[in-house]
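[1] Could you look at this predicted model? Sequence included:
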Amino acid sequence: MNLHYQEYGDTSAPLMVFLHGGGVSGWMWDKQVQYFSQYHCLVPDLPSHGKSIEIPFSIKDSAERLITLIEEKSIGKKVILIGFSLGAQIIVQLLNMKPALIDIAIINSALVRPMSYAKKWIRPTVKLSAPLIKKRWFSKLQAKTLYVGDDYFEKYYEESCQITADALTSVLEENMSFTIPADFEKATTNILVTVGDQEKSIMKKSANDIVKANQNAKGVLIPNMGHGVSMAMPDFFNKMIETWINDGEVPVECKPIS
C-alpha cells in the first residue's frame, strides 16, 4: 500500500513537503498550504495516520516511502521539507539516508533523546488508556495540548477513534526510542531547527543535539510557545518559513539555540 497524499498549488514550482505530527494527519497543515499556494505543496498522511492508517508505522520505513515519493515528484525542482514532532524525526532519518535530496529542511520539535525509562510503560499505558481515546472529553484534553482548535476538533476526534492500540504503541515506541543516526552529519541540506521555549527540557536539549550534529543546521527557541507552533501561531510560522527560505534569516524575537 502506498502513502496517501494530497497535492496543492503550482505543480511547476519548487516542491514543499509537509510531515505532520503523531495523532493528527495532513490537515494540520491547512493554514500552511493556503499561504504557500505559489509552491507545489505535497501533504502525505504518515503510516498509521489519517488515510494511511492501514500501513504499519516505523520511522525508517516512513522515511523510505517519502524518499520514493519525493524523488518521483521533485525532478528538476528545489525541495523544501517541513516537519513537526513525529514528522520532524522522520526528516532527521530521511536526511541521514539521502543526504543531498533536500535543499531546505525545517525541523520543528523533534525528540532525539531516547526515553528508555518511559518505553517500558508504553504498552500497559496504552492498554489502560485505549478506552479513553474514544471519549470526547479526553480527546478535548489531548487536542488542547496540540493547539487543535474547535474548527478541527471533529476531524481530530474521528481519527483518534480510528487508531488501534497496536498502532499507537508502535508510534510511541518509535517516537521515544529515536536518536540521531550516525550519518546525519553528512546531510548538505540547509536546516532550521525550532523548538518552543515552553516545551519540556528534553525537547530543547534534542534541538541543541540536532544543531550540533550537522554544520548546516541553525537552531532557534520560539518565545512563549509549547509543542505545536504551526497550529498555535500559523501566521508567525508561515512568515518564519518564508524568511528562512528567501533570506536564511529568522524572526528577531527568536533566541538562538547555543
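    Great, that's in hand.
[2] which residues are contacting the worst-scoring helix or strand of the chain on mean pLDDT?
    Of all helical and strand segments in the chain, the minimum by mean pLDDT, DSSP states H and E falls on helix 116-119, at a mean of 72. By C-beta atoms under 8 Å, 6 or more residues apart in numbering, the residues outside helix 116-119 that reach it are 173, 176-177. Placement of C-beta: from N, CA and C, glycine included.
[3] Keeping just the C-alphas, turn that helix into CSV.
    Only the C-alpha atoms of helix 116-119 are listed here, as CSV (Å, rounded to 0.1, in the frame of the first residue of the first chain):
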residue,chain,number,x,y,z
SER,A,116,14.2,4.4,27.8
TYR,A,117,12.7,4.9,31.2
ALA,A,118,9.3,5.6,29.7
LYS,A,119,9.4,3.0,26.9
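[4] Next secondary structure element downstream of that helix?
    helix 122-133 (DSSP states H and E).
[5] And that following helix, what's buried?
    122, 126, 133 (16 or more other C-beta atoms under 10 Å).
[6] In JSON lines, list these along with distance to residue 51 and pLDDT.
    Formatted as JSON lines, those follow (distance: C-beta to C-beta, whole Å; pLDDT from 0 to 100):
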{"residue": "122", "distance to residue 51": "25", "pLDDT": "85"}
{"residue": "126", "distance to residue 51": "22", "pLDDT": "83"}
{"residue": "133", "distance to residue 51": "19", "pLDDT": "83"}
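[7] name the helices or strands packed onto the helix or strand where residue 91 lies?
    Element membership of residue 91, judged by DSSP H and E, is helix 86-97. Applying 3 or more C-beta pairs under 8 Å, 6 or more residues apart in numbering; DSSP states H and E, one finds that helix 86-97 contacts strand 15-19, helix 59-73, strand 79-84, strand 104-108, helix 165-177.
[8] for the ones you listed, which one sits closest to residue 49?
    helix 165-177 (8.1 Å; C-beta to C-beta).
[9] Which strands or helices does that closest one pack on?
    Checked by 3+ C-beta pairs under 8 Å, 6+ apart, helix 165-177 has helix 86-97, helix 116-119, helix 122-133 packed alongside it.
[10] For that helix, output the C-alpha coordinates as PDB.
    Extracted in PDB, the C-alpha atoms of helix 165-177 (Å, rounded to 0.1, in the frame of the first residue of the first chain):
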ATOM      1  CA  ALA A 165      -3.900   0.200  20.300                       C
ATOM      2  CA  ASP A 166      -1.100  -1.700  18.400                       C
ATOM      3  CA  ALA A 167      -0.600   1.100  16.000                       C
ATOM      4  CA  LEU A 168      -0.500   3.700  18.800                       C
ATOM      5  CA  THR A 169       2.000   1.500  20.700                       C
ATOM      6  CA  SER A 170       4.300   1.300  17.600                       C
ATOM      7  CA  VAL A 171       4.200   5.100  17.100                       C
ATOM      8  CA  LEU A 172       5.000   5.800  20.700                       C
ATOM      9  CA  GLU A 173       7.800   3.200  20.900                       C
ATOM     10  CA  GLU A 174       9.400   4.600  17.700                       C
ATOM     11  CA  ASN A 175       9.000   8.200  18.900                       C
ATOM     12  CA  MET A 176      10.500   7.600  22.400                       C
ATOM     13  CA  SER A 177      13.500   5.500  21.200                       C
END
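[11] For the following helix or strand past that helix, which helices and strands make contact with it?
    Sequence-wise, the next helix or strand downstream of helix 165-177 (DSSP H and E) is strand 190-196. Packing partners of strand 190-196 (3+ C-beta pairs under 8 Å, 6+ apart): strand 104-108, helix 201-213, strand 217-222.
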